Structure formats: structure tokens, C-alpha cells
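Colleague: I'll drop the sequence and a predicted model, then ask my questions.
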Amino acid sequence: MNLHEMYAMQKEFDARVIKEKGLEGKDLLPETVLALQVEIGELANEWRGFKYWSDDRKPRTHVWAHDTFDAKEPHRRKGVYRNALLEEYVDCLAMFLSIANQLDLPADDLYSYPVDLEGDPSSYFTELLYDVGMINGNSFMKIDLIPNVFNDHRRHSFKAAIGLFYDIGEQILGFGFEEIAEAYVAKNKINHERQANGY
């Protein structure tokens with residue numbers, strides 16, 4: 001699994017949502033950018049590193065999901081755990097891929113060169129939120145009046161944001177590409193199932 005394949009999977013899912021929800025021709029970028037910012041907030045919440053007021057600042061990588069019972073030993077509870085931090089990370093990735101799709105970016109724009117992150121990790125989440133917000137453009141400057149400049153600005157903002165997102169995932173959260181890809185594929189399947197069930 002590579003980014004090109006995940007991008008194709010997201011395009012298929014996005015096309016399904018647009019068709020089934022009757023959203024053809026609607027500009028969904030503002031809502032998708034906001035959804036990504038919300039997901040980044042949820043990611044930071046599961047990371048917990050910014051919560052200086054709390055003694056519990058460990059990332060939520062092993063969260064109790066639900067109980068299961070063994071038919072042979074019904075008195076014994078077995079726990080099912082999930083990695084909430086990774087789940088939120090792949091939710092963000094799905095939104096990034098949707099934005100790339102809406103901007104009609106080539107798959108090559110999904111790749112970036114890593115940058116060493118130094119200093120306070122919390123500041124990188126704040127910077128990421130800002131970079132994502134800039135994908136919508138700067139309404140004060142009205143640069144959308146010049147389409148080529150506006151599109152170049154969006155592409156540049158997207159590339160800055162997704163590059164920082166990858167660096168946060170690897171350097172701050174400790175994720176490897178294989179586990180991200182596996183979690184993305186699993187979540188994409190769940191998202192299709194949710195659509196089938198009227199989510």
C-alpha cells in the first residue's frame with residue numbers, strides 16, 4: 001500500500017459520498033478544511049502532550065474499546081483495545097486526501113521531504129491548524145480574485161500542511177508508514193460500511 005493507492009481509495013469514497021448525498025457541484029472545501037481542523041484537535045486531545053495541568057499526559061495508544069466473552073469461559077472478561085491516537089491520525093489523513101481530491105492535486109503532491117522538528121511539540125499542532133486553515137485562502141486579501149494565484153496559494157498551503165502532518169506523525173507520535181497504511185485501509189472499510197448503513 002502506498003499513498004497513490006490510498007489516494008485512489010479516498011477518491012472512490014468521496015465520489016460515493018457526493019453521489020449518495022446529492023452533493024454534485026457543491027464546493028465542499030470549506031467544510032472539509034474545518035473537518036480536518038476538528039480532527040487535528042481530536043488528534044492532539046488523544047496525544048495529550050499539551051495538557052500541562054494534568055498528571056496523565058500519556059498518549060492514548062491502548063484504550064479499552066469493549067468487553068468480549070469467551071463461550072467456553074463466560075465468567076472471564078476479555079478486553080478489546082484500540083489505538084485511539086492512530087485512529088485520529090488516519091482520520092486526519094483521510095481528510096487531507098479528500099482536500100487533495102477537491103483541489104484536483106496530482107498524487108505526487110502528497111509526498112514531501114521530512115523536516116526535523118525541534119522545540120515544543122505543541123507548537124507544531126498549532127502551526128498545522130494554521131496551515132490547514134490557509135488552504136481556504138486569505139479572505140482579507142481577496143486573492144481568490146486572481147484564480148491562478150489563489151490556486152497556487154492553496155496548493156502551497158496544502159503541501160506545507162501535509163508535510164508538517166507527516167513530520168508530526170513520525171517524529172512526535174512515533175508512527176511508521178506501514179501501520180498508518182494498515183489503519184487507513186481498515187478505517188476506509190469502516191467508512192464505506194457506515195455509508196451503507198445511513199451514517
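Modeller: It's in.

Colleague: May I have stretch 82-101 as PDB, with CA atoms only?
Modeller: Output in PDB follows, covering the C-alpha atoms of stretch 82-101 (Å, rounded to 0.1, in the frame of the first residue of the first chain):
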ATOM      1  CA  ARG A  82      -7.800   0.200  20.300                       C
ATOM      2  CA  ASN A  83      -5.100   2.800  19.400                       C
ATOM      3  CA  ALA A  84      -7.200   6.000  19.600                       C
ATOM      4  CA  LEU A  85      -4.200   8.100  18.700                       C
ATOM      5  CA  LEU A  86      -3.600   6.200  15.400                       C
ATOM      6  CA  GLU A  87      -7.300   6.200  14.600                       C
ATOM      7  CA  GLU A  88      -7.400  10.000  14.900                       C
ATOM      8  CA  TYR A  89      -4.200  10.300  12.800                       C
ATOM      9  CA  VAL A  90      -5.800   8.300   9.900                       C
ATOM     10  CA  ASP A  91      -9.000  10.300  10.200                       C
ATOM     11  CA  CYS A  92      -6.800  13.400   9.500                       C
ATOM     12  CA  LEU A  93      -5.100  11.600   6.600                       C
ATOM     13  CA  ALA A  94      -8.500  10.800   5.100                       C
ATOM     14  CA  MET A  95      -9.400  14.500   5.300                       C
ATOM     15  CA  PHE A  96      -6.100  15.500   3.700                       C
ATOM     16  CA  LEU A  97      -6.700  13.100   0.900                       C
ATOM     17  CA  SER A  98     -10.200  14.500   0.400                       C
ATOM     18  CA  ILE A  99      -8.900  18.000   0.200                       C
ATOM     19  CA  ALA A 100      -6.200  16.900  -2.300                       C
ATOM     20  CA  ASN A 101      -9.000  15.400  -4.300                       C
END
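
Colleague: which parts of that stretch are buried?
Modeller: For stretch 82-101, burial by neighbour count (16 or more other Cβ atoms under 10 Å) applies to 83-101. Every residue, glycine included, has its C-beta placed from N, CA and C.

Colleague: So which of the residues you listed sit within helices?
Modeller: Using DSSP state H, the subset of these located in helices is 84-101.

Colleague: What distance do you get for residue 165 to residue 61?
Modeller: Look at residue 165 and residue 61: by Cβ to Cβ, to the nearest Å, they are 18 Å apart.
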